[in-house]
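> give me the fold of what follows.
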Amino acid sequence: MRFLLGVLVLGAFVLASVVIAKSIAGPNPPKDPWSNMPVPPAPLSHAGLFNGPLESGQDVTRACLSCHPNSAHEVMQTSHWTWTNSSVTETDDGKEIRTGKLNLLNNFCIAAGPNIKSCSSCHAGYGWTEYGNFDFTNQENVDCLICHDQSGAYQKGDGGEPNPNIDLLAVAESVGRPTRSNCGQCHFKGGGGDAVKHGDMDGSMYFPSQRVDVHMGKLDFQCVDCHRTTAHQIPGCAMSVCVDPPERVRCVDCHDERPHNHERLDAHTATVACQTCHIPRMAIDAPTKMVWDWSQAGQDGRPEDPHVYMKKKGSFEYAQNVRPEYFWYNGKADRYLTGDKINPNELVYINRPQGGPHDPEARIWPFKVHRGKQIYDAIHLHLLTPRTAGEGGYWSTFDWDQACRLGCEDTGLEYSGSYDFVDTEMYWPLSHMVQTSAKALQCVECHGETGQMDWRALGYEGDPAVRGDRRRTELYRGSKGESR
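Predicted coordinates for the structure are as follows:
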């Protein structure tokens, strides 16, 4: 009798477990993400296809155009060439400005315009040495090698010109499909060094392990596997230079919108970005810059350390294996535009993610927040565009007044002769350093008494696991125009 009772109890438990499992599991298994992966073209050796010698970058481009006559024209339509994008925004004084790297400020090296000779070492072209003085219509100025070199020997210097000691013929014969090394030579080193700007891109990703990024490590993804290029147009645009990117790279380009085959987990995808759970930490191997205080620059006698203090740049704070900060984000951003007025008694936001709990397009997203202290005009009350590199720049003279006069002459910004420093913040959404499900955030890391998510800052009354999600509360029935 006891045996029969035990069998019945065990059977009931198993049946209940099956029912619960079925209620949790999704109705259909997710699709195979590999079915959405692009098939790269077969590589073609270019050895022996060039008639050397090739003495200049323009020589290389002319040779490339003899077989690829439309390629330079295609490149010239891209933001990698123009350093601007399609968004035109109006400043506080009614002036229209096209967004992009060329015209916008940041709280790292501040402004590209007055420092274009130095900054253009990462331009996909040759000979850009002066702000406002470059022939964007000359196809021979397009640099094919910066994206296609596979020799590993190609280097660019001031004005985007190739290092004079490079064998350009050998580099040209090596060309192929862009790899992480091509993209990384600029994007991993933005802001003047490895891991400075991005919290999720650095030199560890040239040859990463799975511990750093599951796509690039375990599966050896190249950047162009996700940033799929058509006619040299590379989709995706950093929030640092875009306010409304026309084409975004999304996880759902390969994965289902409900990819887990688990009802409870899939319920999160309407509110939480994939990145939030699958990028629990940034700067996994290389420390990233979190604070840059320009007001400390120019001091004599302080020990020089590129992670702590440099006389020409000021003081820094770096951090490694950092938990991101979380904000609502719908893919668009608010942006400080050159010439906008500021209140020096308040924090100045260089950019901020748009979205909020009322916005059905927004998701909770992980960010690196970079905090700076940078120079502004104490009379006109706008951020300044100092010349730091080159002739008369701050890095050689340590004279802020001269640096601001020269830089503002370049950009056409008013400068009163009086300056001070103000606190700023800049937001960088994270999409790299993706972890497997085993290393993704677990429930208790966000929810419950030990959860680290600041639900009230995100607009909730408390933990939504207890109080309900935004679809079941007054939040979602409110105005859908709320920002943040």
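> what segments of the stretch 251-400 of the chain are strands?
288-293, 309-310, 314-319, 325-329, 333-335, 348-349, 351-353, 363-377 (DSSP state E, counting those that start in this stretch).
> those into a markdown table, with extra columns for mean pLDDT, mean neighbour count and distance to W400?
Using the backbone N, CA and C atoms, a C-beta is placed for each residue, glycine as well. Listed next are the strands of the stretch 251-400 of the chain as a markdown table, based on pLDDT from 0 to 100; neighbours: other Cβ atoms under 10 Å; distance: least, Cβ to Cβ, whole Å:
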| stretch | mean pLDDT | mean neighbour count | distance to W400 |
| --- | --- | --- | --- |
| strand 288-293 | 99 | 21 | 14 |
| strand 309-310 | 98 | 17 | 16 |
| strand 314-319 | 99 | 17 | 11 |
| strand 325-329 | 98 | 21 | 31 |
| strand 333-335 | 96 | 21 | 25 |
| strand 348-349 | 99 | 18 | 18 |
| strand 351-353 | 98 | 22 | 24 |
| strand 363-377 | 99 | 21 | 7 |
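> make JSON lines from those and add distance to T450 to it.
Below are these laid out as JSON lines (distance: least, Cβ to Cβ, whole Å):
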{"stretch": "strand 288-293", "distance to T450": "25"}
{"stretch": "strand 309-310", "distance to T450": "37"}
{"stretch": "strand 314-319", "distance to T450": "22"}
{"stretch": "strand 325-329", "distance to T450": "16"}
{"stretch": "strand 333-335", "distance to T450": "32"}
{"stretch": "strand 348-349", "distance to T450": "31"}
{"stretch": "strand 351-353", "distance to T450": "27"}
{"stretch": "strand 363-377", "distance to T450": "18"}
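> so which of those comes closest to I146?
Taking Cβ to Cβ as the criterion, strand 288-293 is the member of the strands of the stretch 251-400 of the chain that comes nearest to I146, at 24.1 Å.
> and R62, which of the strands of the stretch 251-400 of the chain is closest to it?
Closest approach to R62 among the strands of the stretch 251-400 of the chain is made by strand 333-335 (38.7 Å; Cβ to Cβ).
> the closest one packs against which elements?
strand 351-353 (3 or more Cβ pairs under 8 Å, 6 or more residues apart in numbering; DSSP states H and E).
> E361 and P353 touch, don't they?
No. The pair E361 and P353 fails to qualify as a contact (Cβ atoms under 8 Å) at a distance of 11.8 Å.
> so what's D423 up against?
D423 makes contacts with L347, V348, R371, G372, K373, as judged by Cβ atoms under 8 Å, 6 or more residues apart in numbering.
> continuing past the helix or strand of the chain with the lowest mean pLDDT, what's the next helix or strand?
In the chain, no helix or strand scores lower on mean pLDDT, DSSP states H and E than helix 2-24, which sits at a mean of 39. Later in the chain than helix 2-24, the nearest helix or strand by DSSP states H and E is helix 57-65.
> dump the C-alpha coordinates for that next one into PDB.
Presented in PDB, the C-alpha positions along helix 57-65 are these (Å, rounded to 0.1, in the frame of the first residue of the first chain):
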ATOM      1  CA  GLY A  57      48.700  56.300 -51.300                       C
ATOM      2  CA  GLN A  58      47.200  57.900 -54.400                       C
ATOM      3  CA  ASP A  59      49.300  55.500 -56.600                       C
ATOM      4  CA  VAL A  60      47.600  52.600 -54.800                       C
ATOM      5  CA  THR A  61      44.200  54.000 -55.200                       C
ATOM      6  CA  ARG A  62      44.600  54.600 -58.900                       C
ATOM      7  CA  ALA A  63      45.700  51.000 -59.300                       C
ATOM      8  CA  CYS A  64      42.700  49.800 -57.300                       C
ATOM      9  CA  LEU A  65      40.300  51.900 -59.400                       C
END
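> please consider this matter closed, and thank you.
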